[in-house]
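> I'd like to go over a predicted model; first the sequence, then the structure.
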2 protein chains.
Amino acid sequence: MKQVRVGVIGFGTVGTGTVKILLNQRELIKKRTGIDVVLKKVADKDIERPREITLPKELLTTDAWEIIKDPEIDIVVEVVGGTTVAKQFIMEALKNGKHVVTANKALLAEQGNEIFKEALSRGLKIGFEASVGGGIPIIKIMREGLVANKMLAIYGIINGTTNFILTKMTNEGIDFQDALRQAQTLGFAEADPTLDIEGIDSAHKITILASLAYGIPLSFDRVYCEGITKITAQDIAFAREFGYKIKLLAITKILNGEIELRVHPTMVPEDYLISKVDGVFNAIYVEGDSVGSTLYYGRGAGSMPTGSAVTADIVDIAKGVNTMPFDFSEKYKIKPMEEIESMYYFRFTALDRPGVLSKISGVFGEHNISIASVIQKGRSKAGAVPLVILTHKAREKDVLEALEKIDKLPVVSDKSVFIRVEGEES
Amino acid sequence: MKQVRVGVIGFGTVGTGTVKILLNQRELIKKRTGIDVVLKKVADKDIERPREITLPKELLTTDAWEIIKDPEIDIVVEVVGGTTVAKQFIMEALKNGKHVVTANKALLAEQGNEIFKEALSRGLKIGFEASVGGGIPIIKIMREGLVANKMLAIYGIINGTTNFILTKMTNEGIDFQDALRQAQTLGFAEADPTLDIEGIDSAHKITILASLAYGIPLSFDRVYCEGITKITAQDIAFAREFGYKIKLLAITKILNGEIELRVHPTMVPEDYLISKVDGVFNAIYVEGDSVGSTLYYGRGAGSMPTGSAVTADIVDIAKGVNTMPFDFSEKYKIKPMEEIESMYYFRFTALDRPGVLSKISGVFGEHNISIASVIQKGRSKAGAVPLVILTHKAREKDVLEALEKIDKLPVVSDKSVFIRVEGEES
């Protein structure tokens, strides 16, 4: 029976899940694949702290280099996280002739081109199933299951923290700060939640998916990225009146050879399957030219789901599955955000005077923005009322220019809000 | 560059999709995988009929044996369908040393053990991604993506025809016969719809998924199978009152080493993602012990989605991916249907007299069936009114025995209806 020996660097959440699976499912994997995955060593700075699984002393080390330099280890699992020491571990593992499995989306999105080139030049493999969508085998689905498809569009809810927060806000009518605090209490958000709530984690992940979809270099610095911190309970309520939910979507699509690459809060028709993905769950909608619409749903994080993905990568590498490499030569154009076209939701805070709507729609008209529907509610004693407008498809550049003008109108008393809208044009 | 030569037997719906993809995506697949898939020959009894793609004469033959005996062909694609000549083609292709790719769920479910054994003994591969879930790469997901998981449960909407019919009935309040006619007009149901509406097609597919999940021989003759022909608009309306939708689910799960294997109309809580899968779409919910809840959604049929799956199989076989074989030695027990436990929905047609509910609940009590909720609506001039009851978990055997007694009660004027219910116990 073919044996493959694995060293795991990082005995935290993902490391623990991986180790548990490697030990508990060893016989199952043997039976299913004919491959015996042997856990040879686990490294962590802290090997004393009690964990969900207790390992024999000889399996543990505080020195990651013991794994990287061990000539008997075939595959190094990097689940340390971060973009500094993790990169060093991966590059040195490759230089020592080892395949690498990693869940490190930040590192791959930001410095993956260098890492993949190094692996490619040495005929080694990088498994990164766990880097996007946790336990959902989205990388395998895109590279192998949909290999016969030109990818037309991907829409992903690929950050559980923000989806939990938006779900709470939607279901309970609470504000962002309250929902964030609840997420932190439950362990779904970190003490410093910036990476999640500002959309950066989603941007890391869509960078990886876009490279798989279109065969382009990893282009994290080209992703337009906008988080959910400015979403209010009020906008969620208005969205509902129009039949939409607000989700943080990571989007990449191709049109006339130009790729869009963006992360932002998005209004999605409430009868779309993806708008029903709630809580910490992730879902990735993939549209291929042959397969049409598909969607993949599951837990986007957590010890065991992520460990499941890491283990699948280990087995694939052991089987010698020749996965599709990134193509670093591909010529491509990423569309500047100003040039994208979308439908838009606007919320203006307008003085309750006759002629406000006509002034605003006048500016819209000058910028080729056509109105689809309007909600104007009651009268306010203070004189300021929300005026909400949904538009047909418009160009982002036109929208930004129109907004600048509108926000200078004397009848507009507060900074205007806009959210991009997906779905069929009405 | 590695070349693989393919012959396609059957130039119908799936054959046409496959041929289109093999020709149109040849360069894309080369670039992604380094494999050049060459379409060598296409066989069909009728090669004159115009199709969506026109092939050069020399690629076409009316004689399938030309493909099977061609020493230059590596992979034979069988998309003829049916269980007679298709089996002969596959077995002879194997005997001639060729790998086989097929979309034929009926043949695999009913006679697959023999076919897989033949392939195994010759070191050949059978690709069957297209046999379940059309374009959804569910076979790959289960065998490779979730390789590290013990499968706990699978719930599938894996027949587009019946899902279309139930969706129509639900959204428009129409009866089964009307919805079936609409499906036939639109080409979503065949002139003889038996295989679909009686649940047999779903049973074929869940047979295949259960074998993958639990490593057991294909056990089509052990699947409990009940179609949707008896579902009424009335039951759909009552289901909605309780917060459920009615879906034709194919279910396999394991509990204490016993496997359940069944297809029947099922009431699913309307807030479950799978109950939102409408129209001809398919979705498969897979619960693994590591990954937790996952769901995969897409088109379950059609020329191009199925061709996408066939092509992915061809590429995998060309890459030499060593897929998990079925295990024919596994000892297992499939639970008799009478022993399963479920919640139940009952609709009784009862004379509108005091004491009906007490009589029925008396019988329930004798058979350990505990009532969760009741709907009893208005009074009828004819004296017969529907009495609807939801139960807690009960044993199927007890339910059948209770029903037999209840249907003999003088206050019950028509045969009672029951539908199994999934979801959390309330």
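Structure's in. What do you need? Numbering: from 1, shown residues only, chains lettered A, B, ... in the order given.
> C-alpha only now, for contacts and for neighbours.
Will do.
> and the gap between the residue most central in space within chain A and residue A:393?
Nearest to the mean C-alpha position of chain A, counting by CA atoms, centre = their mean, stands residue A:202 at 2.9 Å. As judged by CA to CA, to the nearest Å, residue A:202 and residue A:393 stand 25 Å apart.
> list the strands paired with the one helix or strand residue A:3 maps to, with their directions.
Mapping residue A:3 onto the secondary structure by DSSP states H and E places it in strand A:2-9. Strand A:2-9 has its sheet partners listed here by DSSP bridges as strand A:35-43 (parallel), strand A:75-78 (parallel).
> does anything pack onto the next helix or strand after the shortest one? Which helices or strands?
Later in the chain than strand A:75-78, the nearest helix or strand by DSSP H and E is helix A:85-95. Helices and strands touching helix A:85-95, as assessed by 3 or more CA pairs under 8 Å, 6 or more residues apart in numbering or on different chains; DSSP states H and E, comprise helix A:64-68, strand A:75-78, strand A:99-102, helix A:105-121.
> would a markdown table of those with mean pLDDT and mean neighbour count be doable?
Putting the helices and strands packed on helix A:85-95 into a markdown table (pLDDT from 0 to 100; neighbours: other CA atoms under 10 Å in any protein chain shown) gives the following:
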| stretch | mean pLDDT | mean neighbour count |
| --- | --- | --- |
| helix A:64-68 | 98 | 20 |
| strand A:75-78 | 98 | 28 |
| strand A:99-102 | 97 | 26 |
| helix A:105-121 | 96 | 19 |
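> distance to residue B:132 added to these, as JSON lines?
JSON lines is the format used below for the helices and strands packed on helix A:85-95 (distance: least, CA to CA, whole Å):
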{"stretch": "helix A:64-68", "distance to residue B:132": "42"}
{"stretch": "strand A:75-78", "distance to residue B:132": "33"}
{"stretch": "strand A:99-102", "distance to residue B:132": "30"}
{"stretch": "helix A:105-121", "distance to residue B:132": "32"}
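> wait, which of the strands paired with strand A:2-9 is closest to residue B:227?
For the strands paired with strand A:2-9, proximity to residue B:227 was assessed by CA to CA; strand A:35-43 is nearest, at 41.1 Å.
> can you name the farthest residue from the center of chain A?
residue A:354 (44.1 Å).
> what residues does the stretch 51-200 of chain A have near chain B?
A:135, A:136, A:137, A:140, A:141, A:144, A:145, A:146, A:147, A:148, A:149, A:150 (CA under 8 Å from any CA of the partner chain).
> taking these together, which two end up most distant?
Top of the distance list for those (CA to CA): A:135 and A:150, 24.2 Å.
> and the strand holding residue A:3, which residues are buried?
A:4, A:5, A:6, A:7, A:8, A:9 (16 or more other CA atoms under 10 Å in any protein chain shown).
> likewise for stretch A:335-354?
Those would be A:335-337, A:340-352, for stretch A:335-354 by 16+ other CA under 10 Å.
> contacting residues around residue A:337?
Listed by CA atoms under 8 Å, 6 or more residues apart in numbering or on different chains, the contact partners of residue A:337 are A:224, A:260, A:262, A:396.
> between those residues, which is closest to chain B?
The shortest approach to chain B among the contacts of residue A:337 belongs to residue A:260, at 20.5 Å (CA to the nearest CA).
> can you pull the phi and psi angles for the closest one?
phi -100, psi 140 (degrees, to the nearest 10).
> pick the one among the contacts of residue A:337 closest to residue B:400.
residue A:262 (56.0 Å).
> can you list the residues of the stretch 251-400 of chain A near chain B?
Counting by CA under 8 Å from any CA, the stretch 251-400 of chain A sits next to chain B at A:273, A:276-277, A:290-299, A:304-309, A:311-312, A:316, A:319-325.
> could you point out which element follows the host helix or strand of the residue nearest to the centre of chain A?
Assigned by DSSP H and E, residue A:202 belongs to helix A:200-214. Next in sequence after helix A:200-214, counting helices and strands by DSSP H and E, comes strand A:224-225.
> how distant is that next one from the center of its chain?
12 Å (CA atoms, centre = their mean, to the nearest Å).
> by contact count, what packs against it?
Secondary elements touching strand A:224-225 (3+ CA pairs under 8 Å, 6+ apart): helix A:200-214, strand A:258-269.
> ok, residue A:332 - contacts?
So residue A:332 contacts A:216, A:257, A:258, A:259 (CA under 8 Å, 6+ apart).
> just put those in a markdown table and tack on neighbour count and pLDDT.
Shown next, in a markdown table, are the contacts of residue A:332 (neighbours: other CA atoms under 10 Å in any protein chain shown; pLDDT from 0 to 100):
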| residue | neighbour count | pLDDT |
| --- | --- | --- |
| A:216 | 20 | 92 |
| A:257 | 13 | 90 |
| A:258 | 13 | 95 |
| A:259 | 20 | 97 |
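> any idea how far residue A:75 is from residue A:1?
In terms of CA to CA, residue A:1 sits 17 Å off from residue A:75.
> nice, that's everything, thank you.
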